[in-house]
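Colleague: Got a predicted model here, sequence first, then my questions.
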Amino acid sequence: MTNSPSKGTALMAYTRFRLDRSTPSLWRVTFDNPPINLIDPVMAVELDALLTEIEQDDRLAVVVFDSADRDYFLAHFDITADRTPYDALPAARTPFHHWANVLIRLSRSRAVTISALRGRARGAGSEFALATDIRFASQERAVLGQFEVGFAAVPGGGPSTRLPGIVGRGRAFEILLGGEDFDGELAERYGYVNRAIPDAEFVEFVNAFAERVSRFDLLALADIKRFVNAVSLPADAALTAEADAFAEAVARGTTPFIVEQALAQGFQQRSDVELNLGVYVGKVVH
């Protein structure tokens, strides 16, 4: 693996994920933030820097995102994390808008982005996957969900705006209002992911698809993304409005109280609560 930067790009030492640039047209980003791949402000800042690298490299065609943890792709956002790392980014209305801005940039990046989902992608982890162009899931190991309703909040990273165009209105309501977990097979049936692949074949399938696409003409790929984005991506204002609503929910008393109780029971730890978060939120009494 090489970490040679693109021409004109300063190399950043990433700490929340590993970046493999060994193929000029195909990069691989592997999330590795123990204990459960929580998304925190440091990761958001590093992803922002990564997107700058992606935008500045005119040889890059495809970026695959995967995880070093077979149980967690990206668990969710670390609600207790220090927010001072956001000082490295341009000012935003609230700290939560920094995450929304990262996801907007991700969706609009020139490169084709693929989420290789093995393990859990809930909350902001699900939001990240939804912001990528293509989502492949391990049939046996992938788990997706938006659990925020169980914490008396609306999701803040765009799923209320993205999901209706991806899975349809009724299924978007089911995902967002039920707060349940979706395994790879059901996620495929709903359109939450493109395809669910048996885990034994998963890595080979994702690699073959990513390598195939990375060999195609860069201008053709960019044009296809541009036209599909024009008719499918929600407006930036709608996405940032969700961040507003999430910030308002967190400012109320109910959400912090539920978070406090959940933390005491194993939330944000490698625990049964995290492994079965969809079941846990169904038992929360507001």
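Modeller: Arrived safely, thanks for sending.
Colleague: contacts, neighbours, all on C-alpha from now
Modeller: Noted.
Colleague: Around residue 19, count how many other residues there are.
Modeller: 21 (other Cα atoms under 10 Å).
Colleague: just the one 3 residues further on next, same as before
Modeller: By other Cα under 10 Å, 13 other residues sit near residue 22.
Colleague: where's it, which helix or strand?
Modeller: strand 17-23 (DSSP states H and E).
Colleague: Paired strands for that strand, with orientation please.
Modeller: Sheet pairing of strand 17-23 (DSSP bridges) gives strand 26-31 (antiparallel).
Colleague: Distance from the partner strand to the middle of the chain?
Modeller: Relative to its chain's centre, strand 26-31 lies at 14 Å (Cα atoms, centre = their mean, to the nearest Å).
Colleague: Looking at the following helix or strand past that strand now, give me its mean pLDDT.
Modeller: Using DSSP H and E, the next helix or strand after strand 26-31 towards the C-terminus is helix 41-56. What helix 41-56 shows for mean pLDDT is 98.
Colleague: Check stretch 153-166 too.
Modeller: Mean predicted lDDT for stretch 153-166 stands at 97.
Colleague: What spatial separation is found between the residue minimising distance to the centre of the chain and residue 122?
Modeller: Against the mean C-alpha coordinate of the chain, by Cα atoms, centre = their mean, the closest residue is residue 128 at 1.6 Å. Relative to residue 122, residue 128 is positioned 9 Å away (Cα to Cα, to the nearest Å).
Colleague: where do the strands sit along this structure?
Modeller: Along the chain, counting by DSSP state E, strands occupy 17-23, 26-31, 62-67, 72-74, 112-117, 120-122, 134-138, 143-145, 182-183, 195-197.
Colleague: Out of those, which is closest to residue 104?
Modeller: strand 112-117 (12.8 Å; Cα to Cα).
Colleague: now the angle from the closest one to strand 26-31?
Modeller: 40 degrees (axes from the mean of the first three to the mean of the last three Cα atoms, to 10 degrees).
Colleague: Can you list the strands that strand 112-117 pairs with?
Modeller: Assessed with DSSP bridges, strand 112-117 is paired to strand 62-67 (parallel), strand 134-138 (parallel).
Colleague: can you redo the ones you listed as JSON lines with distance to residue 78?
Modeller: Listed next are the strands paired with strand 112-117 as JSON lines, based on distance: least, Cα to Cα, whole Å:
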{"stretch": "strand 62-67", "distance to residue 78": "17"}
{"stretch": "strand 134-138", "distance to residue 78": "23"}
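Colleague: Many thanks, I have nothing further to ask.
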